[in-house]
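Trainee: 3D model of this:
(2 chains)
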Amino acid sequence: MDKRQVHVGIPIKSLLSFFKEHNKLVQFQVVDSIVRSILIGSMYTLVAIGITQTFAVTRIANFSHGELVTMGAYVAAIVTKLVSFPLSLPLAIAASFAVSAAVITSIDEIVFKPLTRRGATPLMLMVASFAVSIGLRYSMYVAVVSQKILTVMSEISVQVVYVVGDGQITNLFLWAVPITIVSVILLEAIFRLTKVGKAMRAVAENASLAAATGVDVDRIRRITWIIGGGLAGVAGSMWSIYTQTNPEIGWLILLRGFAASTIGGLSSFSGTILGGYIIGFAENFVMDLLNRFLGINVIYKPTITFIIMIVLLVFKPKGIVLEYTNLREGLAKLIREIRPSNRN
Amino acid sequence: MTSGIDILGILTSFATFLGVYAILALSLNLEYGYAGQPNFGKVLFYSVGCYLAGFISTVFLIYLGGQTVPGIGSYQATVLRGISGASQPFLNAAGFIVALIVGFVFAALVGYVASFPALKLREDYLGMTLLVAGEIVRIIVRGQTWFSGGAQGIAGVPNPFIWIGDAKLRYLSYAVLVLGFALLTCFCMIKLTNSPYGRLLKSVRDDDLAAASFGKNVPRIRGGVLAIGSGFAGVAGVLYTYYSGFVQADAFIPAVTFAVWVMVIVGGTANMKGAFAGAVIISSIDTLTRIFGIEFQGSLPFLIDPTYLRYIAYAILIILVLMYRPSGLIPEQPVKTPAWRVATEEKRS
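Mentor: As a prediction, this is how the structure comes out:
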């Protein structure tokens, strides 16, 4: 591997050359990079919506959300092995939605709801969700190892449909991005137009007040878990087409989802969507730029997201577009804040 | 049972793991149980100790002798560490002691630095920041090779008792040493927590606003306790690496942090007995799953890693405890101040 001789007096290298070690330069293609950013950003958004929504309604920073992505990915991959292509795609999406939603709803009934009723603190609920995450992940390990499908990939293959400049629009892109946009619009419509959506907003604002005014909080809670968990499953079904599935993918995607959710302050819907795409662009477009022009190895990709997350937690823990349901207004506020001339 | 089981070997490894886990549980107990700081990045400070043990062992056994190897994680380095560890036991032991000291100091420093940006934030944000910091360090350490061998890791870190010819006796002595360190940690913790400092920590845990209004610098106290706890976690890392002889970045996943949390919450927060009880339970589960792995693996139609069963058991255990006994097996006890002693004696007489 490394042919260099290492001595005790290792010269203090510059920070940059530290990251340059076994550098693999990939060719930088602008359109390709942007297309990939949008695709990955869409999948992160689907995951992050569920995190934000369930946090708003139940006050649980749910670490087990990532395992729902893994579960969705496995279910989708298995479905595509049983059914042939044109039918398998909608079936896989529906099945992964159903399984993930069912699992997280029953976990809420068995674990989270009793704990909340016994007066567990948010921190204890966080630890409990960590426990659920670990339990689900290693149960999945046992299940998939016993079925000899530890790493599995969807039978649906990624194919190039259009070529735009140096970028390729794949069939997966044409499915994942519209699915995300449609889910976002549908959710927004549910929030704004239906009674359930109104009740959901009321519970997110103040659960006990909502209960006092006659909202069935348990029902709202169940609906929230079904939507959030199901969308994580759908993200998993897309992920199984994009790359290989193994029981660890959920955890990695979860942290990206949390980062996206943090950008929305763990409570803003539009902030979360923006966050999903910011993370998608940071990990693909920005990483490609860093790789091309500074020579930073792509294996450090996740650290960009994590640094964004720490910076946000420290400087803007309430998120960047919290108070504004309107994205444009939020961005305008952000720009006003950044511009030094308007500081005072 | 069958003749395949080596009872003494199992007991020695149980004792060693118990010691390492007890140190980790005691340090998290100080941070979370006494000071209320949710350190979700425990694995980071533990891993700092592990990496440093591998690195310092190599510095002492290879680089100080003027020898060169093609990379710290290479096969030649592994062999060379073993050879010079066996031929120069004093140098190896010196490396071990230096690693313990540097491990403590450096892990404490990392503990302060990693928590520094988030010290003024709410507890759960601090926890998330530490968790994410652990992931950042894991990815960066895995990406380079000069410090910890990168993806390959460092193998063959010689045991400090390598000069004892009999392997069983060697590991037994090491287990005793590790348990000694666990008791020393426990002693330090008892001294720390039954002092004004311990009550200061509890005041920050119970109401940081009140503590601040009495003129206490709450962020500095939080950073300080995280530094102390992280230092002890670093020592645990050094002890573990000199036992297993192997360190690699992929082992330091957040599930390790979770195991330490299981110990503290199952055992009971804010008391030493609880942390020890948690460590005993977790190392028993560890040992049982390991025996299962050795004994029954062959009879199954597929290979199941004992780690899977271990983590499933942890998850079920912690959820049951959170539900039915949220204060843990051994609940918190009052602080034994001189005034408290006088009061109880008066009550008795």
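Trainee: Quick one: low-confidence residue ranges for chain B.
Mentor: B:1-5, B:335 (pLDDT under 70).
Trainee: okay, now the closest residue to residue A:276 other than its chain neighbours: neighbour count?
Mentor: Spatial nearest neighbour of residue A:276, chain neighbours left out: residue A:45 (2.9 Å); criterion: CB to CB, 6 or more residues apart in numbering or on different chains. Glycine gets a C-beta too; all of them are placed from N, C-alpha and C. Neighbour count for residue A:45, taken as other CB atoms under 10 Å in any protein chain shown: 28.
Trainee: Touching, residue A:45 and residue A:184? I think so.
Mentor: Yes. Residue A:45 is within contact range of residue A:184, at 7.4 Å (criterion: CB atoms under 8 Å).
Trainee: Touching both of these two, which residues are there?
Mentor: Both residue A:45 and residue A:184 are contacted by residue A:273, under the criterion CB atoms under 8 Å, 6 or more residues apart in numbering or on different chains.
Trainee: burial of residue B:304, as a residue count?
Mentor: Residue B:304: 17 surrounding residues under other CB under 10 Å.
Trainee: same deal with residue B:169?
Mentor: Neighbours around residue B:169, by other CB under 10 Å: 12.
Trainee: ok, now how distant is it from residue B:14?
Mentor: 17 Å (CB to CB, to the nearest Å).
Trainee: Buried residues, the biggest helix by length in chain A. List them.
Mentor: With secondary structure taken from DSSP state H, chain A has its longest helix at helix A:30-58. By neighbour count on 16 or more other CB atoms under 10 Å in any protein chain shown, the buried set for helix A:30-58 is A:32-58.
Trainee: same question, stretch A:193-212
Mentor: Result for stretch A:193-212 [16+ other CB under 10 Å]: buried residues A:196-197, A:199-204, A:207, A:210.
Trainee: need the helices for chain B, in chain order.
Mentor: B:7-28, B:42-58, B:75-87, B:89-115, B:123-143, B:167-193, B:196-206, B:208-213, B:218-244, B:254-267, B:272-295, B:306-324, B:338-348.
Trainee: Of the ones you listed, flag the one that's most buried.
Mentor: helix B:42-58 (a mean of 29; mean count of other CB atoms under 10 Å in any protein chain shown).
Trainee: Tell me if that one is near chain A.
Mentor: No. Applying CB under 8 Å from any CB of the partner chain, one finds helix B:42-58 separated from chain A by no less than 9.1 Å.
Trainee: Need the nearest residue in space to the closest residue to chain B within chain A, chain neighbours excluded.
Mentor: For chain A and chain B, the shortest gap (CB to the nearest CB) falls at residue A:135, measuring 3.1 Å. Leaving aside its sequence neighbours, residue A:135 sits nearest to residue B:315 (CB to CB, 6+ apart; 3.1 Å).
Trainee: how close does the one you found sit to residue B:72?
Mentor: Distance from residue B:315 to residue B:72, by CB to CB: 36 Å.
Trainee: can you list the residues of the stretch 151-300 of chain B near chain A?
Mentor: Counting by CB under 8 Å from any CB, the stretch 151-300 of chain B sits next to chain A at B:152, B:253-255, B:258, B:261-262, B:265.
Trainee: Apply 7 Å and report the result again.
Mentor: Counting by CB under 7 Å from any CB of the partner chain, the positions of the stretch 151-300 of chain B adjacent to chain A are B:255, B:258, B:261, B:265.
Trainee: Residue A:105: which of those is nearest?
Mentor: residue B:258 (23.7 Å; CB to CB).
Trainee: No more questions from me, cheers.
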